[in-house]
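Undergrad: Predicted model, plus sequence, below.
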Amino acid sequence: MSSVERIFIQGIRSFSHETPVYIHFYKPVTVIVGSNGAGKTSVIECLRYAASNDMPPISKSSFVHDPKVAGEKEVKAQVRLQFTDVNGDTYLAVRSLRATQKAKKLEQRSMDSALERVGRDGQNTNLTMRCADMDRMMIELLGVSKAVLTNVIFCHQEDSNWPLSEGKALKLRFDEIFAATRYIKALDAIKTAKKSQVIQLHFIVLLVTLSEWVLPMFRIQR
């Protein structure tokens, strides 16, 4: 079973862009306590971002520490997540961002991403730096789908009431979590294949029937 071990946060929300914060997760449970605005929700947001590359559902432009608050024109942020995969191997996922204060708006961009395997001798092996490849590999290593990561394990508090959604929206969520869409597509493919085979079978039966009717006629004529 996969598990998160520790996270490094710098320049995210209320976390300083100058002084990084390390958080170690203990088993079987880790309790994070703090006053309002201390960054408890930001920890969950960083876990979700590192694991699935999904930012919070609201206020994406303010995910990085505000340059105005920092007194800078630009702030760089980084999240590093160390975790154990389903096979017990240790990995390090690194995602970086940058927020730049323009004249009229705040511009936020994703920067480098990297996924490394932590060797038993302490040496890291770089697996990929492509964001798309990293997103796919993270899901495989953690052993859960992206829908489960974002809607269940690292569900944001602003989105935590989704089980109370209206029927159609709720169905879509459950379809994503239980991969029902893939199941439905598989059923449709089976039905299409069955229909095609039934048509071919009817055609073969028709040919056999015609041959049984026509062949005796040729014999009579001969």
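TA: That came through fine.

Undergrad: so where's the longest helix in this structure?
TA: In the chain, taking DSSP state H as the definition, the longest helix is helix 180-221.

Undergrad: Now do the residue nearest to the spatial centre of the chain against Leu47, distance only.
TA: In the chain, the residue lying closest to the centroid (CA atoms, centre = their mean) is Lys146, at 3.0 Å. Taking CB to CB, to the nearest Å as the measure, Lys146 and Leu47 are separated by 14 Å. Any C-beta I mention is one placed from the backbone N, CA and C, and that applies to glycine too.

Undergrad: mind checking the SS state of Gln108?
TA: Put simply, Gln108 is strand when judged by DSSP: H, G, I helix; E, B strand; the rest coil.

Undergrad: For beta bridges, what are the partners of it?
TA: Gln108 has the following beta-bridge partners by DSSP bridges: Ala99.

Undergrad: count of neighbours near it?
TA: 17 (other CB atoms under 10 Å).

Undergrad: wait, it sits on Ser96?
TA: No. Contact criterion CB atoms under 8 Å: Gln108 and Ser96 do not qualify, at 11.7 Å.

Undergrad: Show me what the helix or strand bottoming out on mean pLDDT in the chain is packed up against.
TA: The weakest-scoring helix or strand in the chain, judged by mean pLDDT, DSSP states H and E, is strand 124-128 (a mean of 78). If you count contacts as 3 or more CB pairs under 8 Å, 6 or more residues apart in numbering; DSSP states H and E, strand 124-128 packs onto strand 106-118, helix 131-142.

Undergrad: Nearest to Ala189, out of these?
TA: helix 131-142 (23.2 Å; CB to CB).

Undergrad: Now do that closest one and strand 124-128, the angle between them.
TA: Here helix 131-142 points in a direction 120 degrees away from that of strand 124-128 (axes from the mean of the first three to the mean of the last three CA atoms, to 10 degrees).

Undergrad: what inclination does helix 131-142 have with respect to strand 106-118?
TA: For helix 131-142 against strand 106-118, the angle by the same axes, to 10 degrees is 50 degrees.

Undergrad: Pass me the low-pLDDT residue ranges in this structure, would you?
TA: 57-61, 122, 129, 214-222 (pLDDT under 70).

Undergrad: how much space between the residue nearest to Leu127 when sequence neighbours are not counted and Phe25?
TA: Distances taken as CB to CB, 6 or more residues apart in numbering place Leu115 nearest to Leu127, at 4.7 Å, with adjacent residues excluded. According to CB to CB, Leu115 stands 19 Å off from Phe25.

Undergrad: So which of the two has more stuff around it?
TA: Shown here are Leu115 and Phe25; by other CB under 10 Å, Leu115 has more neighbours (23 against 16).
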